[in-house]
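Colleague: give me the fold of what follows.
(chains A and B)
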Amino acid sequence: MDDKQNIIEVKNLTRKFGDLVAVNDVSFAVKKGEVFAFLGPNGAGKTTTIKMLTTLLQPTHGQVFLDGHNVTENPTMTRKSFGIVFQDPSLDNELTAYENLQFHAILYGLPKEVYTERIEKLLSLVELKDRRDSYVKTFSGGMKRRLEIARGLLHHPKVLFLDEPTIGLDPQTRNLMWNYIYNLNKEEHVTIFFTTHHMEEVQRMAQKIAIIDHGKIIAHGTLDEIRTQAGTKDLEEAFIKLTGKEIRDEKSNFSKSTLRGFSKM
Amino acid sequence: MRTIYILWLRQLKRFIRKRASLVGALGQPLIFLIAFGFGLSPIFARAGAGNYIQFIAPGIIAMTVLFTSIFTGVEIIWDKQFGFLKETFVAPVSRFEILLGKTLGGATVAAIQGTLVFLITLLVGFRPVSLMMLPLAFLFLVIIAVLFSALGTAIAARLDDMQGFPLIINFVIQPLFYLSGALFPVQGLPKILDFITKINPLSYGIDGMRYALSGTSAFSPVLSLSVLLVVMVGIILIGMYQFSKIEL
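Modeller: Next up is the predicted model:
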């Protein structure tokens, strides 16, 4: 029964937007305690897949099991099992760092004694303790990222989803962040599911890799297996060989609608 | 319950921290009171309809509640654009709780603004007929606040950006206000206007407040209360449906 070992199981997952098939019959599994890298060019279907794994989007077909829960049938239990750091920022800028974390803790039903202690601990861990009561709108991009990671961990999830967590961060912050995630995985056995465009992060962190392109998984395995499959020495070369050289258009709902909103103001 | 409470508290904190918009929102009712209240009162008195300030004050209070509640409901568009709604939607809580927390938060903010405007009307010479009736007036105020906060949320659930915002102002808020009986008595109107004011839920809210504050009314307060409650529940149900359809 190796099913018990799989904390995420994705079976024939498909999502259509009108005629566009964003995710096309995707199946894969992630083992408990694994660090799993989910790669692909812009617009390949990474974020759509993550949204389906995290109950934000209904699949057109197929099933997802997360920590044994059927994601579509039992969203509430699923939501308790994972934490997520979104690709786009998702903090309330008008609240303080502490208030953002407190909001999260209460939504996840943590008792006050538990969350006050955990918030203090997490804030020192991501080196934001002295900014506890500052408004998030005064934070730099890196500080916001760190706060979001702290928030994603506050309810002790079994799986942590990180959707391009290091986007726009300087090398120092990136390094600090991955060290922290590495320790979290080693010590707390949190399963890590992440996407990134930095192949050196994948080489350093990931035990398993899946590459998605045009909504389909085109490679799946360990770093060595992917390199062997592509016949290259380096993951970056393998990635380009497998997904082609053509440049993709980013299809992000956030940036488009925000730009439209701003142009109106 | 804690979910609803923390969502409510967030709205309130955001409101209190935006002092400039709090004060700014009091400007419009003040102008209305001075321009219409004083400007039209001689004609109103000559027409034998009594003191116009006494008549218009409940309408201006209701206007504030209407604007503030719809605006705070619509704030959910910002939550969508700035990603905060995603954080709320991946949490292990039902969307109904989220909707209720947001609606009650917006309603509380609107009720506070409405109360502030009530105090302003006192400054410009409005006198409630009876202190005993103030709780009833407040009840009407709260129901209007909840109803239109839910309406704002239900509308915002369908919109992805602020492009639709002028539409909301011109095709929802303005007609609701101007075609309600806030500024004129709803008796003896031309047929079309009579019909429109009677299907406008705000008319009943204003009439109820006018009954409690000024002692005159076109409908019975029981009718007004019943209409408002039915519409309120209906809009919350519609909002629930809209909310369940949001995909981020």
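Colleague: most centrally placed residue in the chain?
Modeller: Let's take chain A. Taking C-alpha atoms, centre = their mean, the centroid of chain A lies closest to residue A:162, which sits 2.2 Å from it.
Colleague: um, chain B though
Modeller: residue B:66 (2.2 Å).
Colleague: now the element after the host helix or strand of that one, going C-ward?
Modeller: Assessed by DSSP states H and E, residue B:66 sits inside helix B:52-74. In the C-terminal direction, the helix or strand that comes right after helix B:52-74 (DSSP H and E) is helix B:76-81.
Colleague: in that next one, what counts as buried?
Modeller: Residues of helix B:76-81 classed as buried: B:76, B:77, B:78, B:79, B:80, B:81 (neighbour count, 16 or more other C-beta atoms under 10 Å in any protein chain shown). Every C-beta, even on glycine, is put in place using the N, C-alpha and C of the backbone.
Colleague: quick one: average confidence on the following helix or strand past it?
Modeller: Next in sequence after helix B:76-81, counting helices and strands by DSSP H and E, comes helix B:84-89. Confidence over helix B:84-89 (mean pLDDT, whole number) is 94.
Colleague: run the chain-centre distance for helix B:84-89.
Modeller: Relative to the centre of its chain, helix B:84-89 is centred 26 Å away, using C-alpha atoms, centre = their mean, to the nearest Å.
Colleague: what's the longest helix seen in chain A packed up against?
Modeller: Taking DSSP state H as the criterion, chain A has its longest helix at helix A:171-188. Helix A:171-188 makes packing contacts with helix A:141-153, strand A:159-163, strand A:191-195, helix A:199-205 when contacts are defined by 3 or more C-beta pairs under 8 Å, 6 or more residues apart in numbering or on different chains; DSSP states H and E.
Colleague: show me what from chain B comes close to chain A.
Modeller: B:2-3, B:5-6, B:10, B:13-14, B:17-18, B:80-84, B:86-94, B:160-163, B:165, B:247-248 (C-beta under 8 Å from any C-beta of the partner chain).
Colleague: how about stretch B:238-248: buried residues?
Modeller: B:238, B:239, B:240, B:242, B:243, B:246, B:248.
Colleague: what's the answer for stretch A:65-73, then?
Modeller: A:65, A:66, A:67, A:69, A:71.
Colleague: please apply the same query to stretch B:188-196.
Modeller: Buried-residue list, stretch B:188-196, by 16+ other C-beta under 10 Å: residue B:196.
Colleague: avg pLDDT for it?
Modeller: 94.
Colleague: can you list contacts of it?
Modeller: Defining contact as C-beta atoms under 8 Å, 6 or more residues apart in numbering or on different chains, one finds that stretch B:188-196 is touched by B:179, B:186, B:197.
Colleague: is it possible to get CSV of those residues that adds secondary structure?
Modeller: Output for these, formatted as CSV (DSSP: H, G, I helix; E, B strand; the rest coil):
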residue, secondary structure
B:179, coil
B:186, coil
B:197, helix
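Colleague: out of those, which is nearest to chain A?
Modeller: Chain A has its nearest neighbour among those in residue B:179, at 26.9 Å by C-beta to the nearest C-beta.
Colleague: lowest-pLDDT helix or strand in chain A?
Modeller: Least confident helix or strand, chain A: helix A:253-264 with a mean of 41, by mean pLDDT, DSSP states H and E.
Colleague: pick the one among the buried residues of stretch B:238-248 closest to residue A:33.
Modeller: Lowest distance from residue A:33 to the buried residues of stretch B:238-248 (C-beta to C-beta) belongs to residue B:248, with 29.1 Å.
Colleague: got a list of what the closest one touches?
Modeller: By C-beta under 8 Å, 6+ apart, residue B:248 lies in contact with A:51, A:56, A:57, A:253, B:80, B:85, B:86, B:89.
Colleague: in PyMOL, how would I select the buried members of those residues?
Modeller: Those of the contacts of residue B:248 that count as buried under 16+ other C-beta under 10 Å are selected in PyMOL with:
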select buried, (chain A and resi 51+56+57) or (chain B and resi 80+85+86+89)
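Colleague: so how far is chain B from the spatially closest residue to residue A:204 that is not a sequence neighbour?
Modeller: Distances taken as C-beta to C-beta, 6 or more residues apart in numbering or on different chains put residue A:178 closest to residue A:204, at 6.9 Å, once the chain neighbours are dropped. From residue A:178 across to chain B, the span is 23 Å (C-beta to the nearest C-beta, to the nearest Å).
Colleague: would you mind confirming that residue A:178 makes contact with residue A:203?
Modeller: No - look at residue A:178 against residue A:203 with C-beta atoms under 8 Å: they stay out of range, at 11.5 Å.
Colleague: more neighbours, those two?
Modeller: When neighbours are counted by other C-beta atoms under 10 Å in any protein chain shown, residue A:178 and residue A:203 differ, and residue A:178 comes out ahead with 19 against 15.
Colleague: that older thread, export the helix holding residue B:66 to CSV, keeping only CA atoms.
Modeller: The C-alpha trace of helix B:52-74 is given here as CSV (Å, rounded to 0.1, in the frame of the first residue of the first chain):
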residue,chain,number,x,y,z
TYR,B,52,-38.1,70.8,5.4
ILE,B,53,-35.1,70.2,7.7
GLN,B,54,-37.4,68.0,9.8
PHE,B,55,-38.4,66.2,6.6
ILE,B,56,-35.1,65.8,4.9
ALA,B,57,-32.8,64.9,7.9
PRO,B,58,-33.8,61.2,8.0
GLY,B,59,-33.3,61.0,4.2
ILE,B,60,-29.8,62.4,4.5
ILE,B,61,-28.9,60.0,7.3
ALA,B,62,-30.2,57.2,5.2
MET,B,63,-28.1,58.5,2.2
THR,B,64,-24.9,58.3,4.3
VAL,B,65,-25.8,54.8,5.4
LEU,B,66,-26.6,53.8,1.8
PHE,B,67,-23.3,55.2,0.3
THR,B,68,-21.0,53.9,3.1
SER,B,69,-22.5,50.4,3.2
ILE,B,70,-22.4,49.9,-0.6
PHE,B,71,-18.8,51.3,-0.7
THR,B,72,-17.6,49.0,2.0
GLY,B,73,-19.3,46.0,0.4
VAL,B,74,-17.6,46.9,-2.9
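Colleague: which strands and helices lie in contact with that helix?
Modeller: Checking 3+ C-beta pairs under 8 Å, 6+ apart, helix B:52-74 ends up next to helix B:19-32, helix B:41-46, helix B:95-123, helix B:134-158, helix B:165-168, helix B:174-178, helix B:201-214.
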